[in-house]
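# Pasted the sequence and its predicted model underneath.
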Amino acid sequence: MLKLKFFGLGGQGIVTAAKTLSVAVSLGEDKFAVTVPAYGHERRGAPVYTSIIVDDEPVLLNSFVYDPDIVLVTDVCIADRQIDVGAGIKPDSVLVLNTDSAQIAQHYRDTFGFCRVYYVDGTRIALQCIGRGIPNSAMLGALCHTGIVRIESVEQAVLDTFGGKAGEQNARAAKQAWQNTASL
Amino acid sequence: MAEYMMLDGNAAAVQGMAMSRVKVVAAYPITPQSSIAERLSDLVASGELQATYMRVESEHSALSATLGAQLAGVRAGTATSSVGLALMHEICNAASGMRVPIVMPVVNRALASPWSLWCDHQDSMAERDSGWLQLYCQNVQEIYDLTLMAYRLAEHERVLLPAMVCFDGFFLSHSMQKVAVPAQAEVDSFVGPYTPKNVWLDPTDPVFINDLITMEEFTEMKYQMKEGFASAADVFNEVSAEFAERFGRRYCAAEGYMTEDAEAVIVSLGSMSGTVRHVVREMRSRGEKVGALKVTCFRPFPQKEVARLLAGVGRVAVFDRSAGLGAAGGPLFLEVKDALDGKAFVKNYIGGLGGRDVGASTVERVFADLRAAREEDDRAPVWCDVKEHPMQIRQVLRFV
């Protein structure tokens, strides 16, 4: 069982990202997933998070994730807003971060104690591929480097979720982010 | 052949209603039910669902319109949550008394006040005596399956009672999961066409339904409903056996998990039942003799099954996701305690209110508290995960 927590800002599409990941592992990988979104009455731009649990067998657990194996952050300003993205992490927990800066990635790694950080500028890639800075699909591409899901499954799930031209643009963003992800 | 679909709980409820071929939909949106009303509207607009969609101005009207439509001889559908269900209260009792077997998803959300958008069971528990069957779902697959089963159960001539398919707001309504969905022909063959029974409206043969009834007959009409509930227990098992044969998934009105040699068991409803099972499995791997009991059918309450499944279990915790204010405990506790009739040490736990998460650690604390409890201790319900100074929150009692 792998537990994931996605942090982002309202409007960045992290709930959609969680659902898309659920599609990718459930239909593309023959696994099972449960998404547990934490909906509030946040305005666009406010910090939000969502939980996903993935397993090889049907998932019994239906609660928020408190001890994530994988944390995904779609905006580096989250840490400046008193959100502890490292809460409950274990020594082998990894981070997927939306930044092109090795320095920021290193800072996150040192501050929160992640064992590894995968990072890519998902917003820039989204702007290039989709024309809007919504980094969710790009960050799912980067997430593939953690080994939880294959890029082919993410691409297919993105095509299914968004459909049509938007699907193709988002799938391209996922692939491009996957190709450009660095780690430390 | 079944195929896998990715559905959230609301989409699964819609899938079940649409594949059961509801012909009239009258729904009013309310968080977290809204996407049911929206999705049904989309399906009608696109022609995928051959039905009439009535736009109504409230939940009172939504259920009234649904009741009227179904009385005219078709399967009609609506869905609601929280204060929406409270606004339906009058018509809930009308529908059950008129023996109209409407199937209605209820997306569980706390009742105001204080206002909350999030899950607890106060809304459906407030309707537990309104003459509706009540089924509670653990996951999204169960929402789809129990919706199909609810039509068969509610419409059975020995039952003829409406049914609420209850599932937890956000924890299930907005949780995307993989769901096995059979082919339309298989669903048609299981659910069957709608056949109006008892009384219905026919313009060529007008009748007056739901007229004033005197003390000469009122008691007997209620007695008939009581008999409907008594039959529903058997019919649930019949329908469940047929469902299992056709689709390979078996449902029980009450279902034990590792209860056989358990020393301590938690009884629960809804999505937290999965979390309890997860914790039981982990504790069993450490050699701890614990178990779980999930109540799927709350109305009629499976008293005998609960007693049988808990026979020999020394300690029982009943977790209520509604406050049970002024009572000896929450509604689930009262039922379980009565079913056990003094045969076990039973303690009530109240929690998960207004969307507060019931995580694995909460379940572990309940087991720990239950096993440490002494016979002579105070038997008042334990409120789980209450903050340190609850009376100082917003200071409702300012001058105490």
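Noted; the coordinates are in hand. Numbering: from 1, shown residues only, chains lettered A, B, ... in the order given.

# Return the residues in contact with the residue most central in space within chain A.
Computing the C-alpha centroid of chain A and ranking residues by Cα atoms, centre = their mean puts A:L72 first, at 4.2 Å. Neighbour list for A:L72: A:4-7, A:14, A:17, A:95-97, A:139, A:143 [criterion: Cβ atoms under 8 Å, 6 or more residues apart in numbering or on different chains]. For glycine as for every other residue, the C-beta is placed from the backbone atoms N, C-alpha and C.

# which element is it on?
Secondary structure from DSSP states H and E places A:L72 in strand A:70-73.

# returning to what we had before: show me which of the contacts of A:L72 neighbour chain B.
The subset of the contacts of A:L72 lying close to chain B, counting by Cβ under 8 Å from any Cβ of the partner chain, is empty.

# how far does the biggest helix by length in chain B sit from the chain's center?
Taking DSSP state H as the criterion, chain B has its longest helix at helix B:218-247. A distance of 15 Å separates the centroid of the chain from that of helix B:218-247, by Cα atoms, centre = their mean, to the nearest Å.

# per-residue confidence averaged over the helix or strand just after that helix?
Going down the chain from helix B:218-247, the next helix or strand is strand B:254-257, by DSSP H and E. The pLDDT scores in strand B:254-257 average 98.

# who does the very next helix or strand once past strand B:254-257 pair up with?
Later in the chain than strand B:254-257, the nearest helix or strand by DSSP H and E is strand B:264-268. The pairing partners recorded for strand B:264-268 under DSSP bridges are strand B:290-295 (parallel), strand B:315-320 (parallel).

# export the ones you listed to JSON lines and tack on mean neighbour count, mean pLDDT and distance to B:V103?
JSON lines is the format used below for these (neighbours: other Cβ atoms under 10 Å in any protein chain shown; pLDDT from 0 to 100; distance: least, Cβ to Cβ, whole Å):
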{"stretch": "strand B:290-295", "mean neighbour count": "26", "mean pLDDT": "98", "distance to B:V103": "19"}
{"stretch": "strand B:315-320", "mean neighbour count": "26", "mean pLDDT": "98", "distance to B:V103": "25"}
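
# Can I get these in CSV including distance to B:F167?
Output for the strands paired with strand B:264-268, formatted as CSV (distance: least, Cβ to Cβ, whole Å):
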stretch, distance to B:F167
strand B:290-295, 13
strand B:315-320, 17
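
# In three-state terms, label the residue in the stretch 1-150 of chain B that chain A sits nearest to for me.
With Cβ to the nearest Cβ as the measure, B:M6 is the residue of the stretch 1-150 of chain B nearest to chain A, at 4.8 Å. At B:M6, secondary structure determined by DSSP: H, G, I helix; E, B strand; the rest coil is strand.

# Same question for B:F171.
coil.

# list the contacts for A:V59?
A:1, A:32-34, A:53, B:274.

# let's see 10 Å
Residues in contact with A:V59 (Cβ atoms under 10 Å, 6 or more residues apart in numbering or on different chains) are A:1, A:31-36, A:52-53, B:139, B:175, B:177-178, B:274, B:278.

# Taking the residues you listed, tell me the two that lie furthest apart.
Using Cβ to Cβ, these reach their maximum pairwise distance at B:K178 and B:H278, which is 17.5 Å.

# who's more crowded, the two?
A count of neighbours by other Cβ atoms under 10 Å in any protein chain shown puts B:K178 above the other of B:K178 and B:H278, at 23 against 20.

# quick one, helices of the stretch 101-250 of chain B?
For the stretch 101-250 of chain B, helices defined by DSSP state H, counting those that start in this stretch occupy the ranges B:122-125, B:140-155, B:184-191, B:218-247.

# To chain A, which of those lies closest?
Using Cβ to the nearest Cβ, the helices of the stretch 101-250 of chain B put helix B:140-155 closest to chain A, at 8.3 Å.

# Give me the distance from the helix of greatest length in chain A to the chain's centre.
The longest helix of chain A (DSSP H) is helix A:164-180. Chain-centre distance of helix A:164-180: 14 Å, with Cα atoms, centre = their mean.

# cool, and stretch B:323-343?
Using Cα atoms, centre = their mean, the offset of stretch B:323-343 from its chain centre is 18 Å.

# Check which residues of that stretch are buried.
B:323-324, B:329-337, B:339-340 (16 or more other Cβ atoms under 10 Å in any protein chain shown).

# Just the closest of those residues to A:L61, please.
Looking across the buried residues of stretch B:323-343 and measuring by Cβ to Cβ, the closest to A:L61 is B:L332, at 21.1 Å.

# and that closest one, what is it in contact with?
Counting by Cβ under 10 Å, 6+ apart, B:L332 has contacts B:121, B:125, B:128, B:136, B:267-269, B:295, B:298, B:301, B:318-322, B:324, B:348.

# what do you get for A:G11?
Counting by Cβ under 10 Å, 6+ apart, A:G11 has contacts A:42-46, A:48, A:133-134.

# Same check on B:S231?
B:153, B:156-161, B:300.

# Now for the residues you listed: which two are most distant?
Across the contacts of B:S231 (Cβ to Cβ), the longest gap, 16.6 Å, separates B:E157 and B:P300.

# Looking at these two, which has the bigger crowd around it?
Higher neighbour count among B:E157 and B:P300: B:P300, with 21 against 12, using other Cβ under 10 Å.

# before we move on, back to that, now the element after the longest helix of chain A, going C-ward?
That would be, after helix A:164-180 and using DSSP H and E, strand A:182-183.

# which residues make contact with that next one from outside it?
Applying Cβ under 10 Å, 6+ apart, the contact partners of strand A:182-183 are A:94-96, A:99-100, A:102, A:105, A:116-121, A:142, A:145-146.

# Name every strand pairing with that strand and say which way it goes.
Using DSSP bridges, the strands paired with strand A:182-183 in its sheet are strand A:116-120 (antiparallel).

# The strand it pairs with - what's its average pLDDT?
98.

# For that strand, buried residues please.
Neighbour-count burial for strand A:116-120 [16+ other Cβ under 10 Å]: A:117-120.

# now do stretch B:234-248
B:235-237, B:239-240, B:243, B:247.

# want to try a markdown table for the residues you listed, with pLDDT as columns?
Shown next, in a markdown table, are those (pLDDT from 0 to 100):
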| residue | pLDDT |
| --- | --- |
| B:V235 | 98 |
| B:F236 | 98 |
| B:N237 | 98 |
| B:V239 | 98 |
| B:S240 | 98 |
| B:F243 | 98 |
| B:F247 | 98 |
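
# quick one: contacts for A:E29?
Contacts of A:E29 (Cβ under 10 Å, 6+ apart): A:54, A:56, A:148-150, A:152-153, A:157.

# out of those, which are inside strands?
The members of those that map onto strands under DSSP state E are A:V54.

# Just the buried subset of the contacts of A:E29, please.
If we count by 16+ other Cβ under 10 Å, the contacts of A:E29 have these buried: A:54, A:148-149, A:153, A:157.

# So which of those reach chain B?
A:A157 (Cβ under 10 Å from any Cβ of the partner chain).
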